[in-house]
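A.B. asks: Below are the sequence and a predicted model for it; my questions follow.
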Amino acid sequence: MTSPRYPLIVEAVAALPVRSCVIDGEAVACDGTGLSIFEKRRWRHHDGHVFMWSFDLLELNGQDLPREPIEVRKATLASVLRSCRAGLQFNQHLEQSGDIVFRHACKMGLEGIVSKRLGSRYVSGRSPHWLKLKNPSHPAVKREFEEDWGRTQALWTPQPTH
């Protein structure tokens, strides 16, 4: 099995000791210092260096897992990925206070963090059980804000009063 877009990820998934799985994660390209750089992945349609940060497991060998608590899904995912190839990386759960992790992530120059409530089930899309916090000084976040601001301004035009 190969993929014209991210072969490292596809090869790693194909080598897992499972019949089937659905892993929730994010494809990542890093700069020379190891930091994830969205622009490096955004415009590349074939990149043998892109890997996936794997942070949740939704199905394993025909068993649906979304109703299991996040701790069970993460532990099962860690077990599945224990000796996986470089295309998949397990995203560790940090048990420190979210504000401390977020401040540290900002100091490291990361885009932000995602926090999930312990005991929570998997829900597709936004949920009150998880938070996405973005580093306001990160270039990608600044650009996203500027692009959103431009769209908002373009959608609103003052109407003349009569």
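C.D. replies: Noted; the coordinates are in hand.

A.B. asks: Going by C-alpha atoms from here, please, whenever you check contacts or count neighbours.
C.D. replies: Fine.

A.B. asks: wait, residue 36 sits on residue 108?
C.D. replies: No: between residue 36 and residue 108 there is no contact under CA atoms under 8 Å: 11.1 Å.

A.B. asks: Settle it for me: which of the two has more neighbours?
C.D. replies: residue 36 (17 against 11; other CA atoms under 10 Å).

A.B. asks: For the residue nearest the centre of the chain, grab phi and psi.
C.D. replies: The C-alpha lying nearest the average C-alpha coordinate of the chain belongs to residue 26 (CA atoms, centre = their mean; 3.8 Å). Residue 26 adopts backbone torsions of phi -140, psi 130, taken as degrees, to the nearest 10.

A.B. asks: and if you look at the one 5 residues further on?
C.D. replies: With angles defined as degrees, to the nearest 10, residue 31 shows backbone torsions of phi -90, psi -170.

A.B. asks: tell me, how many neighbours does it end up with?
C.D. replies: 10.

A.B. asks: try the one 3 residues further on
C.D. replies: Neighbour count of residue 34, defined by other CA under 10 Å: 8.

A.B. asks: got any ranges where the chain has weak pLDDT?
C.D. replies: 1-3, 37-47, 145-146, 148-162 (pLDDT under 70).

A.B. asks: What ranges does it have for its helices?
C.D. replies: Here the chain has its helices, by DSSP state H, at 7-14, 38-42, 70-80, 98-108, 139-155.

A.B. asks: got the contact list for the fourth one?
C.D. replies: Helix 98-108 is contacted from outside by 94, 111-113, 115, 133, 135, 137-138, using CA atoms under 8 Å, 6 or more residues apart in numbering.

A.B. asks: other SSEs contacting the lengthiest strand in the chain?
C.D. replies: In terms of residue count, the longest strand belonging to the chain (DSSP state E) is strand 51-60. Other elements packing on strand 51-60 under the criterion 3 or more CA pairs under 8 Å, 6 or more residues apart in numbering; DSSP states H and E are helix 7-14, strand 21-28, helix 70-80, strand 88-90.
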